[in-house]
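Undergrad: structural data only, the sequence is not supplied:
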């Protein structure tokens, strides 16, 4: 697991992130990540294959809200679609959990869209997350 910090490193993650966030162009992705790093303490981590290809991404940031205690929020989590079901996501998320514990976090939270049912099973059955709420969004456009 390696944190992606430079623009070049961030751009190298775009191809995989596009699987999760297909609406983003390379420029939008890079701009948003850099902005979030500066303003929201966002951190983007990559998991690599033995041949040094990015096979997983996890974007996290501190989640400062009244209803959580020292919480790390997982904003983005993706394993390359052709590699799912091999335990890679579980190992990667365990690394994120270990890092969070070392940094003093007490909780991890994430949200996942309704259509990602396989991801929900993974989070609940393999990673022991509990489904606690719905997230509501209202467009102001």
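TA: That came in fine, so what should we check first? Worth saying up front: this structure is predicted, and the values here are computed from it rather than measured.
Undergrad: any idea which helix or strand comes after the one helix or strand residue 28 maps to?
TA: For residue 28, the host element (DSSP states H and E) is helix 26-40. Note on helix 26-40: by DSSP H and E, the next helix or strand toward the C-terminus is strand 43-48.
Undergrad: compute the inter-axis angle for that next one and helix 26-40.
TA: Counting by axes from the mean of the first three to the mean of the last three Cα atoms, to 10 degrees, strand 43-48 lies at 130 degrees to helix 26-40.
Undergrad: now do the buried residues in the helix or strand just after strand 43-48.
TA: Next along the chain after strand 43-48, taking DSSP H and E as the criterion, comes strand 54-63. Across strand 54-63, burial judged by 16 or more other Cβ atoms under 10 Å covers 54, 55, 56, 57, 58, 59, 60, 61, 63. Where you see a C-beta, it was placed from the backbone N, CA and C, and this is true even at glycine.
Undergrad: mind putting those residues in TSV, pLDDT and distance to residue 73 included?
TA: Formatted as TSV, the buried residues of strand 54-63 follow (pLDDT from 0 to 100; distance: Cβ to Cβ, whole Å):
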residue	pLDDT	distance to residue 73
54	96	21
55	96	22
56	97	18
57	98	15
58	97	11
59	97	9
60	98	7
61	97	6
63	95	4
